[in-house]
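Q: After the sequence you'll find the predicted model.
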Amino acid sequence: MSKSPNQFLTDNKTPKLIAIAGNIGVGKTTLTQKLCKHFKWLPQFENIDDNPYLIDFYEDMRRWSFNLQFFFLQRRLKNILDIQAGASTYILDRTIYEDAQVFAPNLHDMGLMTSRDFITYSEFYNTIRTMIKPPDLIIYLKASVPTLVQRIDKRGREFESNISIDYLNKLNDYYNKWADSYHDGNLLVIDCDNSNFEDNPEDLGNVITKIESIFFGLF
């Protein structure tokens with residue numbers, strides 16, 4: 001009897017690492033939850049509740065930018081190493097690439113991270129890159145700033161109310177540059193301005209079909 005794509009993904013002896021990338025509010029956690037439910041994968045969420053710097057950062061970005069980014073980087077490294085040592089397929093909610101190639105350089109360019117701190121951070125990141133393997137697939141959720149603002153407002157996190165349009169715009173520029181230059185593995189780009197996988201089963205189905213095609217060439 002032939003196996004379904006779900007069975008292949010869950011009983012394959014070689015675990016996979018899938019990562020979801022995208023700007024603030026774009027829907028990374030939502031898609032992670034839905035794909036884990038469909039494929040029976042395990043999630044690795046970005047936990048904001050135990051982050052000791054996040055609220056302080058949004059209140060004073062210049063003071064706390066290095067602390068926040070370094071915390072994210074070390075936490076991301078630990079999660080990736082734990083996953084690579086295991087035998088299960090995981091989805092990461094945000095990637096280590098975004099920390100170092102989107103958020104940190106954007107903070108530096110905006111004058112919110114000193115050159116000294118940025119060099120220290122970048123050197124640590126370059127060391128980390130030698131310790132980890134790239135994901136089997138990165139799903140980049142791409143959205144315009146109006147879409148991001150709408151979704152940020154919808155989820156209503158108080159500490160995100162101070163995020164400026166200029167900050168989101170600059171992040172989007174860095175995200176697009178990073179995605180255009182990424183060649184370490186499979187990259188699937190989802191246009192979230194024209195795809196609502198949270199509420200539209202057809203849009204979610206399209207994402208699932210593309211993932212299955214990348215891994216198995218089924219379609």
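A: Okay, I see it.

Q: host element of residue 150?
A: helix 145-155 (DSSP states H and E).

Q: so how far is the helix or strand following that helix off the chain centroid?
A: Sequence-wise, the next helix or strand downstream of helix 145-155 (DSSP H and E) is helix 165-181. Once both centres are worked out by CA atoms, centre = their mean, to the nearest Å, helix 165-181 turns out to sit 13 Å from its chain's centre.

Q: Could you identify the helix or strand that succeeds helix 165-181?
A: Trace forward from helix 165-181 with DSSP H and E and the next one is strand 186-191.

Q: helices or strands next to the helix holding residue 150 in the packing?
A: helix 165-181 (3 or more CB pairs under 8 Å, 6 or more residues apart in numbering; DSSP states H and E). C-beta: built from backbone N, CA, C; applies to glycine.

Q: one step back: okay, the angle between the helix holding residue 150 and helix 165-181?
A: Interaxial angle of helix 145-155 relative to helix 165-181 (axes from the mean of the first three to the mean of the last three CA atoms, to 10 degrees): 120 degrees.

Q: Just the buried positions in helix 145-155, please.
A: Within helix 145-155, the residues that count as buried by 16 or more other CB atoms under 10 Å are 147, 148, 149, 151, 152.

Q: How about the residue nearest the centre of the chain, nearest residue that isn't a chain neighbour?
A: Geometric centre of the chain, nearest residue: residue 94, 2.0 Å, by CA atoms, centre = their mean. Closest residue to residue 94 apart from its sequence neighbours, by CB to CB, 6 or more residues apart in numbering: residue 46 at 4.9 Å.

Q: any idea whether the one you found is helix, strand or coil?
A: At residue 46 the chain is in coil, as set by DSSP: H, G, I helix; E, B strand; the rest coil.

Q: That one is in contact with residue 91, isn't it?
A: No: counting by CB atoms under 8 Å, residue 46 does not reach residue 91; the two are 11.5 Å apart.

Q: who has more neighbours, these two?
A: residue 91 (25 against 16; other CB atoms under 10 Å).

Q: In the protein, where is pLDDT below threshold?
A: 1-13, 218-219 (pLDDT under 70).

Q: which residue ranges form the strands in it?
A: With DSSP state E as the criterion, the chain has strands at 17-22, 42-44, 90-93, 137-142, 186-191.

Q: will you turn these into TSV that also has distance to residue 116?
A: As requested, these are arranged in TSV below (distance: least, CB to CB, whole Å):
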stretch	distance to residue 116
strand 17-22	28
strand 42-44	32
strand 90-93	30
strand 137-142	30
strand 186-191	33
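
Q: So which of these is the most surrounded?
A: Mean neighbour count (mean count of other CB atoms under 10 Å) peaks for strand 17-22 among these, with a mean of 26.

Q: What is it packed up against?
A: The contact analysis (3+ CB pairs under 8 Å, 6+ apart) places strand 17-22 against helix 28-39, helix 61-84, strand 90-93, strand 137-142, helix 165-181.

Q: centre of the chain versus that strand, how much separation?
A: So, by CA atoms, centre = their mean, the centroid of strand 17-22 is 5 Å from its chain's centroid.
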